[in-house]
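**Q** Sequence unavailable; structure follows:
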């Protein structure tokens, strides 16, 4: 357990169906153990690789596209609200990195459990485990649970 005595669960969250299933599982576990969650959401774009796109909608309105950081912040905010509505204490950890697995592992230095989805948004959909979950399983210093979505 962590130095605070509370069971700490790290959840990798990217908004995919698998990460939502991981969040649901982690919330149930946190309630049973009177624990807390730390949600890790990673984003990355090179400084000049993203330019805001201004789009005209069919109704003639102007809409600006969210930056990758803002999209990650929005996703994490929704996940934190889900946890709070479920009666679970949760904190967010938003990380700008090329390696989501490293972000999760760094956030888990004082964790009791890591929960990740088996697949995220990238890579090859037919694989059973994604690169992030594989790296986390192979390098974590605490137990790791890999959750498949029900879909």
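**A** Received it, and whenever you're ready, just let me know what you need. Bear in mind the structure is a predicted one, so any value in this text is a computation, not a measurement. Numbers count the residues shown, from 1 in each chain.

**Q** switch to C-alpha atoms for all contacts and neighbour counts from now on
**A** Fine.

**Q** Just the strands from this structure, written as ranges.
**A** For the chain, the strands defined by DSSP state E cover 8-12, 36-43, 54-56, 62-64, 89-96, 113-117, 144-147.

**Q** Run through who's touching the second one.
**A** Defining contact as Cα atoms under 8 Å, 6 or more residues apart in numbering, one finds that strand 36-43 is touched by 6-14, 26-27, 30, 68-69, 72-73, 76, 79-80, 88-100, 103-104, 107.

**Q** Residue ranges in the protein under the pLDDT threshold?
**A** The chain contains residues with pLDDT under 70 at 1-4, 46-60, 62-65, 119-130, 150-151.

**Q** any chance you could map the helices in the protein?
**A** For the chain, applying DSSP state H gives helices covering 17-33, 68-85, 100-107, 131-139.

**Q** Pull out the buried residues from the longest one.
**A** By neighbour count, and taking 16 or more other Cα atoms under 10 Å as the criterion, the buried residues in helix 68-85 are 68-69, 72-73, 75-76, 79-80, 82-83.

**Q** Against which helices or strands is it packed?
**A** With contacts defined as 3 or more Cα pairs under 8 Å, 6 or more residues apart in numbering; DSSP states H and E, helix 68-85 has these neighbours: strand 36-43, strand 89-96.
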